[in-house]
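Engineer: Need the 3D shape of this:
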Amino acid sequence: MSITSPKRRASLDELSKKKFDVLIIGGGITGAGALLEAASRGYSAALIEARDFASGTSSASSKLIHGGLRYLAQGEIALVYENLAERSRLLSNAPELVSKLDFVLPIRKTASPFGPFGAPAYMAALWGYDLTGGFRIGAFHKRMDKSIAKSMFPRLRSDNFSSAFLYHDAWADDVALTLAAINTARTRYSATAANYVEAISPIFGENNKIKGYRVRDNSPGSKDEGQEFEISARTIINASGAWATQIMAQLKEKPPFEIRPAKGVHIVFSQKVLPAKVAYVLPVPNDSRTIFLLPWGDYTYVGTTDTDLGKERVETTMDDVEYLLGAVNYSLDTPLSKSDITGAWVGVRPLVSQPKDSKALSERTKDLSRRHKVVTSPEGMISITGGKLTTYRKMASDAIDALDTKDGRATKSISKRIKLRSPAHIDPQSPTPDSARKSLVPGIGWDISREDIVALIVETDALTLSDILLRRVRVGILDQRAAMELSKPVLEILGEILELTKVEKDNLSMAFSNDLARELPPEILDSSKA
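Structural biologist: Sure thing, here's the model as predicted:
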């Protein structure tokens, strides 16, 4: 027996019976954007995701909607311009999901990320940022006195910076943004989408052109192999991110580019321990990199690492934790310890590199461009990868432009003006006062009710504890202790709504524990008990 909901069951039925213009493989922000772009241009569009929506890179970003100040130092002026234009569109089209965020950039007495010229280099970079498009947010950068910067972040060490700059960018919960794009495509443009559906192999028609895909229902909870079925589609868009070359390999052709998976880790602290009203850009000692310190409700998070993944498991290691602790402590008046950490998350960024025989592979991942790439195979598969959370709409537009070219059509993109519609979405850190609400676990700082969980299951295809507590409600990455407290009552609600067996509930509970351990080494929480 597989775990599913009535809404998802209807989607699976539609996928198996309907013939689509385009099938999108990958349910992260890139695939979600492509679904909305295709459907809004008049294509009958469907999307499948092997795991949960936004369960890969699109739940593990730094959550920034930004131009990328450091890209100016790399000479990527056109990329920054594009990023800032997309930032403005997101602020307009998703005002409930995307918010402005102020950043403080301390001026170090030592070398800056922009060279050894201190304040003049910072000022030149920030003027370049504003004039490239940063001013669209409604304010220019400004220089601020050291005492003001210190008052905004009391724990900032004051002996190694002389003053600071204030500039402006934006922030969004990446999962909420992904779900909103999918929901808008479904509710406004009649698109079809299903999570836990894995792409197995392409189906070929005349002239070796793809005419569909064989897929498997990977509904969680049961250890049995899922049922396979076929989806008919004239074009396949491969939007599987860091795994794009694996899908391309199913065509038995060498991909025209390499994907350098870069692992990024963030660690989280309570605002009581690390209070921050604005975001900070902090240097990494003995490195040319910087990290961000960012407020998120009752928490502050620090990141990110940027390392080659290789073949190891995607998980947060003690080395990752030590690196970030060392980096943030360099800028603090009193150091943080591992016992102060409440949560963490880890993800993989799909950086596009040159083929294996290219010298580009000697580059560090931080130096690789965040530009995206769209390629069309002779069999008719369009692959889109690279890019950033900020530019997902432009990536999607370019992918559907490629679809137009393939089909000989000339559709018009309207996504610059589409307002995103969120499905059931709750913010337990900022609950709406309601005397009828009853919190599942009172007193842990997360106001989540039974009604909230039911809405997430019914309206957003949440099928597991991780779907709910790691992604729909971000408690699993921000506060693991609270997540473990909530997991028992949430599992009971899942079991009731989805009619789960004891074995299925046990499997979900074990999978959730494993997911938590992947995000944060268990010994970190153990150390805070001591």
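
Engineer: neighbours around Asp333, how many?
Structural biologist: By the measure other Cβ atoms under 10 Å, the count of residues near Asp333 is 12. All C-beta spots, glycine's among them, are computed from the backbone N, C-alpha and C.

Engineer: And for Asp526?
Structural biologist: Per other Cβ under 10 Å, the neighbour tally for Asp526 reads 11.

Engineer: can you list the domain ranges for this structure.
Structural biologist: 6-58+175-256+364-417, 74-172+260-352, 450-529 (automatic domain parsing).

Engineer: Mean confidence (pLDDT) on the longest one, please.
Structural biologist: For domain 74-172+260-352, mean pLDDT is 87.

Engineer: thinking again about what came up before, and of the domains of the chain, who's closest to Ile65?
Structural biologist: domain 74-172+260-352 (3.9 Å; Cβ to Cβ).

Engineer: quick one on the thing from earlier: redo the domains of the chain as a markdown table? Include distance to Leu440.
Structural biologist: Formatted as a markdown table, those follow (distance: least, Cβ to Cβ, whole Å):
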| stretch | distance to Leu440 |
| --- | --- |
| domain 6-58+175-256+364-417 | 20 |
| domain 74-172+260-352 | 18 |
| domain 450-529 | 4 |
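
Engineer: Strands along the stretch 251-400 of the chain, start to end?
Structural biologist: For the stretch 251-400 of the chain, the strands defined by DSSP state E, counting those that start in this stretch occupy 258-270, 279-283, 290-296, 299-303, 307-308, 341-353, 372-376, 381-386.

Engineer: Mind checking the pLDDT average for the last one?
Structural biologist: This means strand 381-386. Strand 381-386 comes out at a mean pLDDT of 92.

Engineer: Tell me which other helices or strands that strand touches.
Structural biologist: Applying 3 or more Cβ pairs under 8 Å, 6 or more residues apart in numbering; DSSP states H and E, one finds that strand 381-386 makes contact with helix 29-40, strand 228-238, helix 244-249, strand 341-353, strand 372-376, helix 392-407.

Engineer: Could you export the second one as CSV, CA atoms only?
Structural biologist: Pointing back at strand 228-238 there. Taking Å, rounded to 0.1, in the frame of the first residue of the first chain, the C-alpha atoms of strand 228-238 are listed here in CSV:
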residue,chain,number,x,y,z
GLU,A,228,5.3,2.1,-12.7
PHE,A,229,3.3,3.8,-15.4
GLU,A,230,3.8,6.0,-18.5
ILE,A,231,3.3,9.7,-19.0
SER,A,232,2.8,10.9,-22.5
ALA,A,233,4.4,14.2,-23.4
ARG,A,234,5.7,15.8,-26.7
THR,A,235,8.6,17.5,-24.9
ILE,A,236,10.5,16.8,-21.7
ILE,A,237,12.1,19.6,-19.7
ASN,A,238,14.9,18.3,-17.4
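
Engineer: what about it, average pLDDT?
Structural biologist: Mean predicted confidence for strand 228-238 is 97.

Engineer: picking that back up, okay, the strands of the stretch 251-400 of the chain in JSON lines with distance to Pro522 and mean neighbour count next?
Structural biologist: Supplementary listing: these in JSON lines, determined by distance: least, Cβ to Cβ, whole Å; neighbours: other Cβ atoms under 10 Å:
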{"stretch": "strand 258-270", "distance to Pro522": "15", "mean neighbour count": "22"}
{"stretch": "strand 279-283", "distance to Pro522": "27", "mean neighbour count": "23"}
{"stretch": "strand 290-296", "distance to Pro522": "23", "mean neighbour count": "21"}
{"stretch": "strand 299-303", "distance to Pro522": "19", "mean neighbour count": "25"}
{"stretch": "strand 307-308", "distance to Pro522": "22", "mean neighbour count": "16"}
{"stretch": "strand 341-353", "distance to Pro522": "11", "mean neighbour count": "23"}
{"stretch": "strand 372-376", "distance to Pro522": "36", "mean neighbour count": "18"}
{"stretch": "strand 381-386", "distance to Pro522": "33", "mean neighbour count": "25"}
